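**Q** Requesting a structural model of the entry that follows:
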Amino acid sequence: MAHAPPAHIGPVRLLLPPSHDMVLPLASVTSQAPKPTVAIITHGCKLNQADSSALAADFVSAGYLLVDQHEAADVYVVNTCTVTHVADRKARQALRSARRRNPGATVVAAGCYAQRAGDSLRAMPEVDLVAGNTAKPELVSLVDDLRPGNGEAASLDPDRATPAGLPLSRSRAMVKIQEGCDQVCAYCIVPRVRGREWSVPPEALVRQVAGHVEAGAKEVVLTGTQLGSYGHELDGADLAGMIARVLDETEVARLRVSSLQPREIDARLLELWSDPRLCPHFHLALQSGSDAVLDRMRRRYTAVEYLDAVERVRDAVPGASVTADVIAGFPGETSSDFEETYALCERVGFSAMHVFPFSARPGTSAAHYRDQVAEDVKRARTDALLALSQRLAADFRRGLEGAVRPVLWESRQGPNGSWTGLTDSYVRVACRSERPLANEITRARLGRLEDGVVRAELLRPA
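**A** Numbers count the residues shown, from 1 in each chain. Modelled structure (predicted):
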């Protein structure tokens, strides 16, 4: 599926968060008339990364050339996040930066922030077009209509839910299996910006994964808003069955499940991890270790149920990495509630924690709760959890010294620097190698933790 670019064209980069930055060789570039260029800047979650991949495919199919966000592109698309007020601020900064980079460009605010607060983004003088999540399938046409001197709008593939995959090669591909959320937690804006739950049919997902593998991807990440709800509206489909089909019907080298809820961890699902291609990394949303706070959040589990889910994972998948999201300073959180959260995190021994201070999102129930936690208290609790996260992450990585794990190598840091990559358990490692390692999976013996990265030694193939 992927084609080598002409010798005079190098790889371009679709900018994603640092651990997911992907080098994308161009699918087909000729030396004919210059093509319009587009840069896609992605903020937020893996679901947004999957959406950006689909947008990249749409733009390339319509004749655009993907370029780095730091270049003077004809079109900039900022695929925004709105999960916190900090995410909103970063989106506005990115839009202003795009306008400064090329004052004549078409600047697009897309994604969740655009879906939630389109009018406020339209008021920004730097923004030419606002396109929420529901408008993403028509985004190329909307941009073509807007660009000066452009002819007819580009036509999009009508089978939008089953794209053939990016006509580009890369090491890691994000595949959206499900969209939307029906749970409506008190703090969460996602149901407003992503809508009701729906699932991509398993046949389409198998085709997408196979297409990414053919294009060169060594790892595929299954992502969505509420993965455990996958297939609820499809006859005979569920998450475990879909994963089994992908493993059985494709040659994917590594498959990763992005996020699960505690009550979704059952024996049938865990049995799938007997296939070594399924990564031993479980991201289980926690949010709080206090039952009182979990109840006010409208989460559907208790602290004991969470601990039971972690125990089931570690019994079935020895050595698995467990990560979590935690919110500090939710309205009404007492010192005792916070201590329960801290103690639970310490007991689990997460390999990483994503810690967020509570951010009131307009349109959510929690934004109207009266017992808001003071900002200085919220900040102190966030700092304490971040310090705990750093300690637990270091402890987990030190415990890997001497272990042998498969590593997907991504890039080299500097001309004489180390190659970096991720183990199957989602640990960042680095090693020195004379030969190129990009987009290879090799066995490596893990060594000392240095500056947050585990040093590794390549092993000969078994």
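**Q** Measure how far the longest helix along the chain is from the centre of its chain, please.
**A** When the chain is parsed with DSSP state H, its longest helix is helix 375-398. Distance of helix 375-398 from its chain centroid, counting by CA atoms, centre = their mean, to the nearest Å, is 22 Å.
**Q** elements contacting that helix?
**A** strand 321-328, helix 335-348, strand 352-357, strand 441-450 (3 or more CB pairs under 8 Å, 6 or more residues apart in numbering; DSSP states H and E). Every residue, glycine included, has its C-beta placed from N, CA and C.
**Q** Strand 352-357 and that helix, what's the angle between them?
**A** 180 degrees (axes from the mean of the first three to the mean of the last three CA atoms, to 10 degrees).
**Q** got the buried residues for helix 375-398?
**A** Lys378, Arg381, Thr382, Leu385, Leu388, Ser389, Leu392, Ala393, Phe396, Arg397 (16 or more other CB atoms under 10 Å).
**Q** same check, this time on stretch 275-293
**A** Applying 16+ other CB under 10 Å to stretch 275-293 flags 277-291, 293 as buried.
**Q** Over to stretch 365-372?
**A** Those buried within stretch 365-372 under the rule 16+ other CB under 10 Å are Ser365, Ala366, Ala367, Tyr369, Gln372.
**Q** Just the endpoints, please. Distance across that stretch?
**A** 12 Å (CA to CA, to the nearest Å).
**Q** now do stretch 320-338
**A** Stretch 320-338 has its terminal residues 26 Å apart, counting by CA to CA.
**Q** Pull out the buried residues from that stretch.
**A** In stretch 320-338, counting by 16+ other CB under 10 Å, buried: 320-324, 326-333, 337-338.
**Q** in this structure, which spans are helices?
**A** Assignment of helices within the chain using DSSP H yields the ranges 46-61, 85-101, 112-116, 118-122, 139-146, 190-194, 202-214, 239-249, 267-271, 291-297, 303-316, 335-348, 375-398.
**Q** wait, which of the ones you listed is closest to Gly224?
**A** With CB to CB, the closest approach to Gly224 among the helices of the chain belongs to helix 46-61: 6.3 Å.
**Q** name the helices or strands packed onto that closest one?
**A** Against helix 46-61 (3+ CB pairs under 8 Å, 6+ apart) you get strand 12-14, strand 37-42, strand 65-66, strand 75-80, strand 106-111, helix 139-146, strand 172-176, strand 219-223.
**Q** Which of these has the lowest mean pLDDT?
**A** By mean pLDDT, the lowest-scoring of the helices and strands packed on helix 46-61 turns out to be strand 12-14, with a mean of 32.
**Q** Next up, the contacts around the closest residue to Asp182 other than its chain neighbours.
**A** What sits nearest to Asp182 in space, not counting adjacent residues and going by CB to CB, 6 or more residues apart in numbering, is Glu197, at 5.0 Å. Counting by CB atoms under 8 Å, 6 or more residues apart in numbering, Glu197 makes contact with Gln178, Glu179, Gly180, Cys181, Asp182, Thr225, Gln226, Ser229, His232, Glu233.
**Q** ok, and the most crowded of the residues you listed?
**A** For the contacts of Glu197, the largest neighbour count, defined by other CB atoms under 10 Å, is 25 neighbours, found at Gln178.
**Q** Count residues in the vicinity of the closest residue to that one other than its chain neighbours, would you?
**A** Using CB to CB, 6+ apart and skipping the chain neighbours, the partner closest in space to Gln178 is Gly224 (3.3 Å). Neighbourhood size, Gly224 [other CB under 10 Å]: 28.
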